[in-house]
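Q: Fold the following, please.
(chains A and B)
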There are 2 protein chains.
Amino acid sequence: MRIVIALGGNAMTSPDGKAAPEDQAAAIGRAAGPVADLVAAGHEVLVTHGNGPQVGNLLLKNELAAAVVPPVPLDWCGAQTQATIGMLLMNALDLALRERGIGQRSATLVSRTLVDRHDPGFLDPTKPIGRYLNAGEATPLVEHGQRFTEIPGRGWRRVVASPEPRECLDAPAAHAMLAAGYVVVCSGGGGIPTVRREDGTLEGVEAVIDKDLTAALLAETLEAQLLVIATDVHAVVVGWGTPGAEAVGEVSPHRMREIAAEQHFAAGSMGPKVEAVVRFAEHTGGTGVIAALDDLGAAVAGHAGTRVVPSSPSTP
Amino acid sequence: MRIVIALGGNAMTSPDGKAAPEDQAAAIGRAAGPVADLVAAGHEVLVTHGNGPQVGNLLLKNELAAAVVPPVPLDWCGAQTQATIGMLLMNALDLALRERGIGQRSATLVSRTLVDRHDPGFLDPTKPIGRYLNAGEATPLVEHGQRFTEIPGRGWRRVVASPEPRECLDAPAAHAMLAAGYVVVCSGGGGIPTVRREDGTLEGVEAVIDKDLTAALLAETLEAQLLVIATDVHAVVVGWGTPGAEAVGEVSPHRMREIAAEQHFAAGSMGPKVEAVVRFAEHTGGTGVIAALDDLGAAVAGHAGTRVVPSSPSTP
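A: Numbers count the residues shown, from 1 in each chain, chains lettered A, B, ... in the order given. Just a heads-up that it's a prediction; the model follows:
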């Protein structure tokens, strides 16, 4: 089976959220085992991943060094995280594969995601990034074209577009690498946001693409049979924080959309994960799963997580 | 013909050496045309590249932000430049290929180069990196394990190991991508320096690997017929700066070594370029060329640059 796995932020940082180099390396080392187990079981595996804390660190460095070193745009920061996380993943996967007696190797592609330069997100940016600034710090940046939003009591925060992923530009390369027998790392951080100008030129653009929505598009493009969003909770929960809280198991895409409409999942968290697995199931007939990273094997086997299955009789 | 091209720093920065994002994008845009011409002529092309100014910028950011954001090691900085330069190269190559009516696409691999953890370079680091510091700035860094060298009249500069590249760990992936018809970008900045610990674990290590020596190893590993070191001079020159200055054209590896011994080429500049083309010619029987980027087509056709050819009758 061809499987696309999207690793969340918890697979990239220490349990307390720290993202220093050694924290990232240790967390990724832990994530490699469950992925290698799937390869050992004979599956074709592509790994994609988030990059939130890493991009946050790079933006802060940009800012603190701006008087001396020209800052690089947000798309460059995203590219940078693909390489560092990719390197860590390859080192960890190569070891985990070897420990399982598998000669197979991993490869990481620097990868771009095409977005529409007329995406409404560019007119009305809503995705907050970076740290809170005071008005005095934000003003010169606003004059340089950055958009900010005021969060009462906390300060000003930069907002950027979060456009829809339209095409995984490097999916053909990923397909070639999978066909050649590699475990592929691709489209980290949702892919480097890229627009096509009228003259056909491709260029990076400052935006944040949701990594789970890109994972769904990538899984569809690569004709994967299964998409797993690996996160730090065991399943989608209905009535979270109430006495009647209940985990959602197998469910149809239609029913999952109903649940999402009732539950108002957080826009920056469970919302896009649910949207991603539903889209994948609707567009392909494949299964989309949200599960804990530790349950990866059970989730693939159909025994764990919230599983959106097109043929499900729809009772959650 | 399978060709490995190593792009020098001049292909990554503006003519006056600036390396702001827009300078890098413009320079790389200019480099893509000559490369695409070779693809149009039917050659299999792999591109590798330097990253000196880019790594310099990242190290400086690390330093300026160190009180707030955990600095990342030098191998991480190298990885980061592979992704940003790779992204720019792909965007530029995809356009240049399309302008020539070629459907072929490019792909960038995050790529590691294995070095020996007992390489003598680690005991006696000699490669200067980063900016000049005064003694007060250098002292706390020395206490954190960094090595420094004093350059009289200018200050203290960090020195790191420049170990021999032993294995291009991601060359098999590059081979698969070339075989699948891609123009491949790989091993930028000499590759991410990586060591194998006794237990088999791979991990990045703080070092600088010469990008031309890695290019030679990569070309050999991939069984390329031609290695071109593209730089900002038209050829190796004997008697540089003297009235009898003369460009070296076709030459045997043996004669090129004699010339190198006589001329004392700079360790950080022409020295490793010459060593790279000679090694490639000696190890493979293929041709190693040092030429100007603008002469790329002529150099491949045998009409420009210094060409190290094993079958040459050896008169420079």
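Q: contacts and neighbour counts: CA atoms only from here.
A: Fine.
Q: and the gap between the residue in the stretch 101-250 of chain A that chain B sits nearest to and B:Pro73?
A: Ranked by Cα to the nearest Cα, the top residue of the stretch 101-250 of chain A for proximity to chain B is A:Leu109, at 4.9 Å. From A:Leu109 over to B:Pro73 the distance is 21 Å, taken as Cα to Cα, to the nearest Å.
Q: what does the stretch 1-150 of chain A put close to chain B?
A: With the criterion set to Cα under 8 Å from any Cα of the partner chain, the stretch 1-150 of chain A comes near chain B through A:20-21, A:57, A:60-62, A:64-65, A:69-73, A:76, A:79-84, A:86-87, A:91-92, A:95, A:107-112.
Q: Sort out for me which of those are in strands.
A: Mapping the residues of the stretch 1-150 of chain A next to chain B onto strands (DSSP state E) picks out A:Ala107, A:Thr108, A:Leu109, A:Val110, A:Arg112.
Q: Let me have those in CSV, adding neighbour count and pLDDT as columns.
A: Compiled in CSV, those are given as follows (neighbours: other Cα atoms under 10 Å in any protein chain shown; pLDDT from 0 to 100):
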residue, neighbour count, pLDDT
A:Ala107, 27, 98
A:Thr108, 30, 98
A:Leu109, 26, 98
A:Val110, 29, 98
A:Arg112, 29, 98
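Q: Apart from its chain neighbours, what residue comes closest to the residue of the stretch 101-250 of chain A closest to chain B?
A: B:Leu109 (4.9 Å; Cα to Cα, 6 or more residues apart in numbering or on different chains).
Q: ranges for the strands of the stretch 151-300 of chain A?
A: For the stretch 151-300 of chain A, the strands defined by DSSP state E, counting those that start in this stretch occupy A:155-160, A:167-168, A:183-185, A:192-196, A:202-204, A:226-231, A:237-238, A:246-247, A:250-251, A:287-292.
Q: Just send the ones you listed back as JSON lines, with mean pLDDT, distance to chain B and mean neighbour count too.
A: Listed next are these as JSON lines, based on pLDDT from 0 to 100; distance: least, Cα to the nearest Cα, whole Å; neighbours: other Cα atoms under 10 Å in any protein chain shown:
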{"stretch": "strand A:155-160", "mean pLDDT": "92", "distance to chain B": "18", "mean neighbour count": "20"}
{"stretch": "strand A:167-168", "mean pLDDT": "98", "distance to chain B": "13", "mean neighbour count": "22"}
{"stretch": "strand A:183-185", "mean pLDDT": "98", "distance to chain B": "10", "mean neighbour count": "28"}
{"stretch": "strand A:192-196", "mean pLDDT": "97", "distance to chain B": "8", "mean neighbour count": "26"}
{"stretch": "strand A:202-204", "mean pLDDT": "95", "distance to chain B": "5", "mean neighbour count": "20"}
{"stretch": "strand A:226-231", "mean pLDDT": "97", "distance to chain B": "23", "mean neighbour count": "28"}
{"stretch": "strand A:237-238", "mean pLDDT": "92", "distance to chain B": "35", "mean neighbour count": "18"}
{"stretch": "strand A:246-247", "mean pLDDT": "94", "distance to chain B": "38", "mean neighbour count": "16"}
{"stretch": "strand A:250-251", "mean pLDDT": "96", "distance to chain B": "38", "mean neighbour count": "24"}
{"stretch": "strand A:287-292", "mean pLDDT": "97", "distance to chain B": "26", "mean neighbour count": "28"}
